[in-house]
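S.K.: sequence below, structure please.
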Amino acid sequence: MKGLGDLKKLLVLSSLSILLSASDELVDVLSDNKSKLIDTQKEQIKVQTDKLEKSWINPIRLQYSKSYSTQFDNTIGTGQFVVSVDQPIFKMGGIWEAVKYAKALGKANDLDIEIQKRGFITQALTLLYNIKKTELQLQKFDFLIKNDELDILIQKQSYEAGLINRTLYDRALLKRNQDITSKLELEMQITKLKNDFSLLSDKNPQDIELPHFGMIDKSRYENSQLEIQRDRFKVEEKQHNKYMTWTKYLPEVSVTGRYINEDKNPLFANARIKKSYYTYGFKVSLPININSYRDIQSSQIEYLNAQISLDEQKKKVANNYNLIKKRLEIIDQKIALSQDDARNYESMLATVQDLE
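M.R.: Numbering: from 1, shown residues only. Okay, the predicted model is just below:
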């Protein structure tokens, strides 16, 4: 069984490696409900992205109306059925920018879900490592309590023999009770850890083998960060949105068309007019909006903010890598010191056994 130092090292390494790739083995840690939640969120994003990509296409309108007139001797009713289309076909590049905007937004949102999934996996593995670590600490306190019982026996015999006063005996009793209390607190802690783990995974912590992680180089770590990839798509999204906003206030060309099927007006009953017919054409429009400049300026600021956020995220990732690397170096030093202590204790034990 690995020592506490090794577990701490693996836990720190996991914060590097788990963010790189959620392998099938690690994904299996999550419960069915968590996996289904992630899958449905991804499907929802896909549907919303497809919808947004086609949002520039106006709907075809169907309309039926029935009207009555008392203008003549008898009340006359006329009906009309209309199919109409009013579709922009040229917006100074705005249509293509809208499609690219939708794709970039969809990719950014999809990465948000992937980050959420990896967050769940990281939480589950962190809890799993802490469960294993706490179990080792419980074993440690079992040995400490046994040692306390032995110390109590020695102090009691020394006290009864008149070699020491009662203070050392009482201290030994207090030490045992303190260690028992600490063990009870650990038992409560491990119960809570297992309960938290059950909210993320359906598996028994005892049945899961701890994954092994290795140190990775800085460039691979930085290039594989989903947060950086997501923020790059957000920059792309804001860039396309900036152009979309600009084209909103430029000339727009649309085609129009109508199919009409209606009852003839009694006034033109003998006229050579068709009951059903088409109308079609085009129109050019240019919106004049007092807030157009502010709207364009606002979209430009959003784009600049996205670029700044990306730069900040890159710095955060680089600093996080350096911090974890330093923590690993310190943990390695602590492990070496613990191993040295173990050798010293073994030497002391051998000396005592020789004296006996």
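S.K.: could you use CA atoms for every contact and neighbour count after this?
M.R.: Noted.
S.K.: hey, where'd the helices end up in this structure?
M.R.: 4-17, 24-27, 32-53, 94-160, 166-198, 218-223, 226-247, 292-355 (DSSP state H).
S.K.: of all the ones you listed, which one comes closest to residue 83?
M.R.: helix 32-53 (22.9 Å; CA to CA).
S.K.: got the angle for the closest one vs helix 94-160?
M.R.: 160 degrees (axes from the mean of the first three to the mean of the last three CA atoms, to 10 degrees).
S.K.: contacts for helix 32-53?
M.R.: By CA atoms under 8 Å, 6 or more residues apart in numbering, the residues outside helix 32-53 that reach it are 98-100, 102-103, 105-106, 109-110, 113, 117, 200-202.
S.K.: let me see the mean pLDDT of it.
M.R.: Across helix 32-53, pLDDT averages out at 93.
S.K.: which of the residues in it are buried?
M.R.: Within helix 32-53, the residues scored as buried using 16 or more other CA atoms under 10 Å are 34, 35, 38, 42, 45, 46, 49, 52, 53.
S.K.: how about stretch 283-297?
M.R.: Buried, per 16+ other CA under 10 Å, within stretch 283-297: 295, 296.
S.K.: what is the end-to-end distance of it?
M.R.: 28 Å (CA to CA, to the nearest Å).
S.K.: could you do stretch 253-272 as well?
M.R.: With CA to CA, one end of stretch 253-272 sits 34 Å from the other.
S.K.: same question, stretch 197-211
M.R.: 16 Å.
S.K.: touching it from outside, list them.
M.R.: 29, 30, 31, 32, 34, 120, 124, 127, 128, 129, 131, 194.
S.K.: buried subset of the residues you listed?
M.R.: 29, 30, 31, 34, 120, 124, 127, 128, 129, 131, 194.
S.K.: could you dump the residues you listed into JSON lines and include distance to residue 305?
M.R.: Listed next are the buried ones among the contacts of stretch 197-211 as JSON lines, based on distance: CA to CA, whole Å:
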{"residue": "29", "distance to residue 305": "37"}
{"residue": "30", "distance to residue 305": "35"}
{"residue": "31", "distance to residue 305": "37"}
{"residue": "34", "distance to residue 305": "33"}
{"residue": "120", "distance to residue 305": "28"}
{"residue": "124", "distance to residue 305": "33"}
{"residue": "127", "distance to residue 305": "36"}
{"residue": "128", "distance to residue 305": "38"}
{"residue": "129", "distance to residue 305": "38"}
{"residue": "131", "distance to residue 305": "41"}
{"residue": "194", "distance to residue 305": "42"}
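S.K.: tell me how far the most far-flung residue of the chain relative to its centre lies from residue 79.
M.R.: In the chain, counting by CA atoms, centre = their mean, residue 73 sits farthest out from the average C-alpha position, at 72.7 Å. Look at residue 73 and residue 79: by CA to CA, they are 19 Å apart.
S.K.: please apply the same query to residue 161.
M.R.: From residue 161 to residue 79 the distance is 118 Å (CA to CA).
S.K.: same check, this time on residue 114
M.R.: Applying CA to CA to residue 114 and residue 79 gives a distance of 55 Å.
S.K.: out of the two, which sits in the more crowded spot?
M.R.: residue 114 (19 against 14; other CA atoms under 10 Å).
S.K.: please name the residues that touch that one.
M.R.: Contacts of residue 114 (CA under 8 Å, 6+ apart): residue 226.
S.K.: repeat the analysis, applying 10 Å as the threshold.
M.R.: 22, 38, 39, 42, 108, 120, 226, 227, 230 (CA atoms under 10 Å, 6 or more residues apart in numbering).
S.K.: right, I'll leave it there.
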